[in-house]
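Student: model this:
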Amino acid sequence: EKDPRLDARYSITYVATNLKEGCGSRGYTTGTMKPFFVQRSMSVPDGNYTINLPIYMTPEEDKAGCGYRFGGLELLILRKNDDQYSRFWLFGDFNDRDINGKRRGEQWARVIYQGSKGGASSPSFVGISKNQTPIAFRSDKKYFRVASETTFVCMTEHRIYEYELPQRDKELLEKWSRNDKETDFMCTMKMKLDTDGGKYHYHECPVPAPIDSKGCFTTTNPDFGIDEITSDTLHIDILVDKSKCTALRYRAYGDFVKEPDTFREAPIPEPTAWEKVKSLF
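Tutor: Next up is the predicted model:
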């Protein structure tokens, strides 16, 4: 199921393995070849949905002989009529590497919780704990895959200013914020931690983390990961969680009160001049 207040799409990525001309691009400074990517996307309809996603180990379009391999399946969730998004890898080969590029033998599916056309930032919603926003989901299997039944919940954080914003803040808002300048959007994976009788385990570490520490600020689950790519079925719900939606009422600079709120939908954009002309015919 997908909530109609959200937009979402699944994307399958293929990565070139033959690093030759026509299959990658060279970096200007290092001269090393970076592989090309091929992506196929499918939008998620509102309400109850079923989507069949064929995954080819090598796409048929590989006429240049680039040896494209399946890289991963991701889910992108957006607030409707907005560019704010959250991105989750659901399935694929995300073998982690150390600082020397050597494979560690673990799969790390990294997450973007708060992204937009302007870039991505660390999750910063008031009241959302770090164990609900791990930097990655981790597995020791050959491939990463989310649990077969997974729910993503989305929320908004709306700011209400009861005082005149300083000029510097106005300029920063204008420069960095999204379409709706007082509302942020984020989604998280719905998780019941093992401390509450669930299967998800959050790996906490002191700050700063020791050099030899492993898997800091990641989450594991015995249902994550598979050792072989086969046909599979995932039940993925993409919902709004009103209980996590909040408003921050600012009464002075840096001084706010947190209040329960509804899910803030983005305003419908004004039609362009060309769209107005087309509507006349």
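Student: helix, strand or coil for the nearest residue to R145 once chain neighbours are set aside?
Tutor: Of all residues not flanking R145 in the chain, F91 sits nearest, at 4.5 Å (CB to CB, 6 or more residues apart in numbering). Bear in mind the C-beta positions are built from the backbone N, C-alpha and C, glycine included. Assigned state for F91: strand (three-state reduction, DSSP: H, G, I helix; E, B strand; the rest coil).
Student: what about F91, how many residues nearby?
Tutor: F91 has 24 neighbouring residues, counting by other CB atoms under 10 Å.
Student: that one bridge partners, please.
Tutor: For F91, the beta-bridge partners are L73, R145 (DSSP bridges).
Student: and G24, by the same measure?
Tutor: P35.
Student: do I have it right that it meets F37?
Tutor: No. Using CB atoms under 8 Å, G24 is not in contact with F37, being 9.7 Å away.
Student: between the two, who's got more neighbours?
Tutor: G24 (19 against 12).
Student: mind listing what the more buried one touches?
Tutor: 16, 33-36, 66 (CB atoms under 8 Å, 6 or more residues apart in numbering).
Student: mind doing that once more with 10 Å?
Tutor: 15-18, 32-37, 66 (CB atoms under 10 Å, 6 or more residues apart in numbering).
Student: do the same with K141
Tutor: 106-107, 224-228.
Student: most neighbours among those, please name it.
Tutor: Busiest of those [other CB under 10 Å] is Q107, holding 24 neighbours.
Student: so that residue, which of the three states?
Tutor: Going by three-state DSSP: Q107 is strand.
Student: and D169, by the same measure?
Tutor: Going by three-state DSSP: D169 is helix.
Student: what do you get for N131?
Tutor: helix.
Student: which among the contacts of G24 gets closest to E259?
Tutor: Using CB to CB, F37 comes nearest to E259 of these, at 43.1 Å.
Student: who touches the closest one in this structure?
Tutor: 13-16, 24, 68, 71.
Student: P260 now?
Tutor: 242-247 are the contacts of P260 under CB under 10 Å, 6+ apart.
Student: who does it bridge with?
Tutor: T246.
Student: with G115 instead?
Tutor: Counting by DSSP bridges, G115 is bridged to Y85, A120.
Student: so what's the residue count around it?
Tutor: Neighbours around G115, by other CB under 10 Å: 20.
Student: for P123, see how far away it is.
Tutor: From G115 across to P123, the span is 11 Å (CB to CB, to the nearest Å).
Student: got it, and Y250?
Tutor: Y250 is 20 Å from P123, by CB to CB.
Student: point out where the stretch 1-150 of the chain drops to low pLDDT.
Tutor: 57-63, 96-104 (pLDDT under 70).
Student: for the residue positioned nearest the centre of the chain, give me its contacts.
Tutor: For the chain, the residue nearest the mean C-alpha position is R87 (1.4 Å; CA atoms, centre = their mean). If you count contacts by CB under 10 Å, 6+ apart, R87 has them with 11, 74-78, 110-113, 115, 120, 187.
Student: ok, now E162?
Tutor: Applying CB under 10 Å, 6+ apart, we find E162 in contact with 249-252, 255-257.
Student: filter those down to the buried ones, PyMOL style.
Tutor: This is how PyMOL selects the buried members of the contacts of E162, with burial counted by 16 or more other CB atoms under 10 Å:
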select buried, resi 256
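Student: and the contacts of E162 as CSV, adding pLDDT?
Tutor: CSV is the format used below for these (pLDDT from 0 to 100):
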residue, pLDDT
R249, 92
Y250, 87
R251, 84
A252, 80
D255, 86
F256, 90
V257, 94
